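> Could you look at this predicted model? Sequence included:
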Amino acid sequence: MKPAVALAVLFAVAWGVAIGCGRDGSRDATPRSLQPMVQIGDVGFQVELATTLAERLKGLSGRESLPRKTGMLFIFDSSREVSFWMKNTLIPLDIIFITEHGFVTNIAEADPELGVADADLTRYQSDGHVLYVVEINQGLAAANGIHTGTYVNITYSDG
């Protein structure tokens with residue numbers, strides 16, 4: 001390998017490692033200064049990121065409202081089956097499960113379950129391995145024609 005090519009490869013690998021680790025050691029290739037946007041079919045949502053374990057555990061719990069074209073994007077370390085619950089979540093949500101290739105596997109309509117013991121909370125499962133989950137206000141998926149197989153594009157802008 002020529003020295004210039006070897007140097008370029010080494011730089012690329014080092015850059016990938018540098019942006020590939022979050023503060024808690026989890027994968028987080030998204031610079032926090034950029035605003036994520038999720039395009040699901042024909043509709044776009046401005047989303048907050050949940051990439052660390054702590055952020056994914058908190059999710060949208062405790063929120064009293066969620067603006068119409070907003071949501072939360074959960075990014076996992078690897079593609080796998082995932083399960084969500086509505087612990088301490090006050091607003092009804094559509095939970096959209098998305099493969100690593102950007103296709104919706106399934107959508108769960110999740111209702112708040114206040115006062116329910118953790119062991120009795122409904123679990124909302126992905127239908128197969130997913131890398132991403134988007135939570136939006138309940139009913140928006142159906143109202144906007146979002147369904148299994150819909151393509152999802154995630155982009156980032158300077159705000």
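Structure's in. What do you need? Numbers count the residues shown, from 1 in each chain.
> Assumed Ala142 was part of a helix.
Yes. Using DSSP: H, G, I helix; E, B strand; the rest coil, the assignment for Ala142 is a helix.
> Enumerate every residue touching it.
With contacts defined as Cβ atoms under 8 Å, 6 or more residues apart in numbering, the neighbours of Ala142 are Asp94. C-beta here means a position set from N, CA and C on the backbone, and glycine is covered the same way.
> before we move on, what about Glu113?
With contact set as Cβ under 8 Å, 6+ apart, Glu113 has these partners: Trp85, Met86, Lys87, Asp120, Leu121, Thr122.
> I'd like the distance from Gly41 to Ala117, if you could.
For Gly41, the distance to Ala117 equals 37 Å [Cβ to Cβ, to the nearest Å].
> try Ala110
Using Cβ to Cβ, which is the criterion applied here, Ala110 is 17 Å from Ala117.
> Of these two, give the one with the bigger neighbour count.
When Ala110 and Ala117 are compared on other Cβ atoms under 10 Å, the one with more neighbours turns out to be Ala110, at 19 against 7.
> Could you pick out the longest strand of this protein?
Among the elements of type strand in the chain, defined by DSSP state E, the one spanning the most residues is strand 70-80.
> wait, doesn't Arg63 sit right on Leu90?
Yes. Between Arg63 and Leu90 a contact is recorded at 6.3 Å, counting by Cβ atoms under 8 Å.
> Do you have the helices of this protein handy? List them.
Assigned helices in the chain, in chain order: 3-19, 53-58, 140-143 (criterion: DSSP state H).
> any idea of the mean pLDDT in the last one?
Within the predicted structure, the mean pLDDT of helix 140-143 is 97.
> Ok, the second one next?
When the per-residue pLDDT values of helix 53-58 are averaged, the result is 84.
> can you give me how far that helix is from the chain middle?
Helix 53-58 has its average C-alpha position 11 Å from the chain's average C-alpha position, going by Cα atoms, centre = their mean, to the nearest Å.
> which secondary structure elements does that helix contact?
Under the contact criterion of 3 or more Cβ pairs under 8 Å, 6 or more residues apart in numbering; DSSP states H and E, helix 53-58 touches strand 43-50.
> Just name the closest of the contacts of Glu113 to Val134, please.
For Val134, the closest of the contacts of Glu113 turns out to be Met86, at 15.4 Å, with distances computed as Cβ to Cβ.
> OK, contacts around Glu64?
For Glu64, the contact set (Cβ under 8 Å, 6+ apart) comprises Leu90, Ile91.
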